[in-house]
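1. Fold the following, please.
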Amino acid sequence: MIKVFRLEKIYIISLIFAVCVAKISGIGTQFVNVPASVDEIKYGTQNAIIQFPVNQLGKTSVSISHNDWYGGFSVFSMKISNPILGGQGIIRLKYGGFENLELRSEAPSDNPLGIYSAFGLDITSGFQIQYHDYQIAALLRMMKLRIYTHSSTGMTGCISILKKMSRDWGFGFSVAQFGYMSPFIENKSNLPVSANILLIHKTDFKQFRNFFSFTGGAISATDNYIFSATNSIKWKNVDLSLASHISKNVTEISGGVSFLLGIYQIEYGFRIADHKLGIPQVLELTVILP
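-> Presented below is the predicted three-dimensional model:
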């Protein structure tokens, strides 16, 4: 009981801190949509509810993951989840970046003018609660981006509401990546704000469970759209999934496999796109405490 109380205090303090720094001007880029977990690479980042896996609700868990994204962009994430105030709270740290980038002039030379790094840091506080037939999840995200000697900070948010329509069906909506942005040097970057519809369907058959999820919406800042459809089959402690993601210029396929071994959950996810820039892969380990 004392341990849980301390975790709740840590979560509340962190959430208050995130709200207080919201007055700092912000910047937003596609970094907010770079997956930090296997669930994000499978389902996309438009739905806040995926941050709260069903098998971890009502329990304390710690997750770490590593993602080799496109172009050698490496992402590390750590998440703590804990029951709080009748719901489930999370705190997540995501860091991604390039190291040893070379700054060169137009004239050929043996040595670069300088060597620098570029990175993004993302601290997210989130909360989910069940209210009658409604499942409500909200995320508040603080970011810092730095390229060479220039840096900016910002805030984004995401809220999702899913209503249980029957025993097997759920329908809802979400608004993702809304917030405030400040200029980076002299340019103002736009957040990839999206408004989305959510649809889920569950089917149980003996020891098998099939879970289908659809998310679709428009991204106003880039005059784009994105549709994601994911199907997952669970048998005992093994979960296999396959998904498709379609936007205006890119079609992607992702998948994943998950094994639950006692208190340990090991997950692997990948994504393949038609632009042939590589195959991002995510490896995640979660410890679910009793």
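2. now stretch 229-237: mean pLDDT?
-> For stretch 229-237, the mean pLDDT works out to 93.
3. ignore the last one, stretch 61-71
-> Across stretch 61-71, the per-residue pLDDT values average to 89.
4. Just the buried positions in that stretch, please.
-> For stretch 61-71, a neighbour-count test (16 or more other CB atoms under 10 Å) marks 61, 63, 65, 67-69 as buried. Yep, even glycine has a C-beta here, placed from its N, CA and C like the rest.
5. Let me know the closest of those to Gln281.
-> Nearest to Gln281 among the buried residues of stretch 61-71: Asp68, at 5.4 Å, using CB to CB.
6. List the contacts of Glu40.
-> Applying CB atoms under 8 Å, 6 or more residues apart in numbering, we find Glu40 in contact with Ile50.
7. Roughly how far does it sit from Pro280?
-> For Glu40, the distance to Pro280 (CB to CB, to the nearest Å) stands at 11 Å.
8. Lys79 now?
-> 19 Å.
9. Equivalent analysis for Ile233, please.
-> Plainly put, Ile233 is 23 Å away from Pro280 if you go by CB to CB.
10. Between the two, tell me which one has more neighbours.
-> Comparing Ile233 with Pro280 by neighbour count (other CB atoms under 10 Å), the higher total belongs to Pro280, at 22 against 14.
11. Ramachandran angles for that one?
-> Main-chain dihedrals, Pro280, degrees, to the nearest 10: phi -60, psi 140.
12. Am I right that Tyr192 is in a strand?
-> I think there's a mix-up here, since residue 192 is Pro and not Tyr. No: looking at Pro192 with DSSP: H, G, I helix; E, B strand; the rest coil, it is coil, so not inside a strand.
13. Give me the pLDDT for it.
-> Per-residue pLDDT puts Pro192 at 83.
14. Can you give me the buried ones in stretch 251-271?
-> Buried, per 16+ other CB under 10 Å, within stretch 251-271: 252, 254-256, 258, 260, 265, 267, 269-271.
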